[in-house]
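Engineer: my questions concern the predicted model and sequence given below.
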Amino acid sequence: MGKSSKDKRDIYYRKAKEQGWRARSAFKLLQIDEKFHIFDGVTKAVDLCAAPGSWSQVLSRKEAKETEPSGSQKNVKIVAVDLQPMSPLPGVIQIQGDITKFSTAKEIMTHFEGDHADLVVCDGAPDVTGLHCMDTYIQSQLLLGALHITCNVLKPGGTFVAKIFRGKDNDLLTNQLLTLFKEVHVVKPSSSRNSSIESFVVCQNYSPPEEFNPKLITPYLNIANKDFSTLEGKHVFIKLAL
C-alpha cells in the first residue's frame, strides 16, 4: 500500500479535508496550542518553512477571531517564509526567502514596522533519506536556521515552536535552548503519526543572555565555515548545534 493510500485512511487526513485545512499538520499546531496556549496575546507571528501553508492557515484563522477588550479587532500581522511559493492566504504576507540569510530577518521586520514578533513557528523538514543519523543532522541544521531568524525577530518573552527529530541528543538540544528561553518542552502531538520520529520543541519566554547578538550566528549557517574562533562567551552555545 502506497503512502497516498495510507494518508486517505488517516483520521487527521480526513478531518483536514472536511475542515478545509491544507494539510493534516494543521492539527499538530492546534494541539500544541491546546496544551501550551501559544496563541494567547499574539498579534505578530512568523511561519518559517511555511509551504504548503497549513500552519499559516491556523495562525490566520485563530488570530482573525482575536479582538481587543474594546471589541475592535486586533491589528494582526502574519508573515510566512519559504523558498517555494504557496497559494495566497487571507491576512498572510508571503516572503520567498532563505532562513539562513540575515536579509530574510530584515525583510520580516519591515512588515512589522520595526516591532518584533510574539510567536515564531517552523514545521519545516528535509526529504528524509531513511538514514537516521543523516536525517537528524539535516533537521538540526534546519532548526539552526529557524533559530537564527527567531533570535533576530522575536521579542523578549516571545515563543518559538519548531519540529525536531527525536534522537539521543535531545537533552543536549533542550539545554542549549534553555540558554535562550526560560521554558523548553519537547512534545509529540497525538496527530503526529506513531511511526514518525518527529517531535516539536516549544520554547517560551525568550530571554537571551545580556549582550547576546544573534547576527553573529549568520556566518556559521554556511556549512563550509569551520572557523568558530569568534563564537565565545554568550555565543558559545551555538558550537554544539553545528
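Structural biologist: Nice, I can see it.
Engineer: only C-alpha atoms for contact and neighbour calcs from this point on.
Structural biologist: Noted.
Engineer: now do the SS call for residue 209.
Structural biologist: Here residue 209 is coil, with the state taken from DSSP: H, G, I helix; E, B strand; the rest coil.
Engineer: shouldn't it be in contact with residue 179?
Structural biologist: Yes: with contacts counted by CA atoms under 8 Å, residue 209 reaches residue 179, the gap being 7.2 Å.
Engineer: ok, the two, which is more surrounded?
Structural biologist: Neighbour totals were compared for residue 209 and residue 179, and residue 179 leads with 17 against 13 (other CA atoms under 10 Å).
Engineer: show me the shaky parts of the chain.
Structural biologist: Counting by pLDDT under 70, the ranges of the chain that qualify are 1-9, 64-74, 220, 222-242.
Engineer: mind listing what the residue at minimal distance from the centre of it touches?
Structural biologist: Nearest to the mean C-alpha position of the chain, by CA atoms, centre = their mean, lies residue 122 at 2.1 Å. By CA atoms under 8 Å, 6 or more residues apart in numbering, the contact list for residue 122 reads 47-50, 146, 161-163.
Engineer: bridge partners for it, pull those for me.
Structural biologist: residue 48, residue 162 (DSSP bridges).
Engineer: going forward can the numbers begin at 742, since that is how I track them
Structural biologist: Yes, from this point I'll number from 742; that puts the last item at residue 863.
Engineer: now do the helices in this protein.
Structural biologist: Taking DSSP state H as the criterion, the chain carries its helices at 744-749, 752-760, 767-777, 795-805, 843-852, 873-894, 911-918, 978-982.
Engineer: can you redo those as JSON lines with distance to residue 784?
Structural biologist: Listed next are these as JSON lines, based on distance: least, CA to CA, whole Å:
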{"stretch": "helix 744-749", "distance to residue 784": "34"}
{"stretch": "helix 752-760", "distance to residue 784": "24"}
{"stretch": "helix 767-777", "distance to residue 784": "15"}
{"stretch": "helix 795-805", "distance to residue 784": "7"}
{"stretch": "helix 843-852", "distance to residue 784": "13"}
{"stretch": "helix 873-894", "distance to residue 784": "14"}
{"stretch": "helix 911-918", "distance to residue 784": "24"}
{"stretch": "helix 978-982", "distance to residue 784": "29"}
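Engineer: deepest-packed of these, please.
Structural biologist: Burial of these is given as mean neighbour count (mean count of other CA atoms under 10 Å); helix 795-805 ranks first at a mean of 22.
Engineer: what angle do it and helix 767-777 make?
Structural biologist: Helix 795-805 and helix 767-777 are oriented at 50 degrees to each other (axes from the mean of the first three to the mean of the last three CA atoms, to 10 degrees).
Engineer: which outside residues touch helix 795-805?
Structural biologist: 762-767, 770-771, 780, 783-784, 786, 788, 791, 814, 817, 819, 821, 830-833, 864.
Engineer: so it versus helix 752-760, what angle?
Structural biologist: Using the same axes, to 10 degrees: helix 795-805 against helix 752-760 is 50 degrees.
Engineer: tabulate the CA atom coordinates of helix 795-805 in PDB.
Structural biologist: Provided in PDB are the C-alpha atoms of helix 795-805 (Å, rounded to 0.1, in the frame of the first residue of the first chain):
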ATOM      1  CA  SER A 795      -1.400  24.800   6.900                       C
ATOM      2  CA  TRP A 796       0.300  26.400   9.900                       C
ATOM      3  CA  SER A 797      -0.100  29.900   8.400                       C
ATOM      4  CA  GLN A 798      -3.700  28.900   7.800                       C
ATOM      5  CA  VAL A 799      -4.100  28.000  11.500                       C
ATOM      6  CA  LEU A 800      -2.500  31.300  12.500                       C
ATOM      7  CA  SER A 801      -4.700  33.300  10.100                       C
ATOM      8  CA  ARG A 802      -7.900  31.600  11.400                       C
ATOM      9  CA  LYS A 803      -7.000  31.900  15.100                       C
ATOM     10  CA  GLU A 804      -5.800  35.400  15.000                       C
ATOM     11  CA  ALA A 805      -8.700  36.600  12.900                       C
END
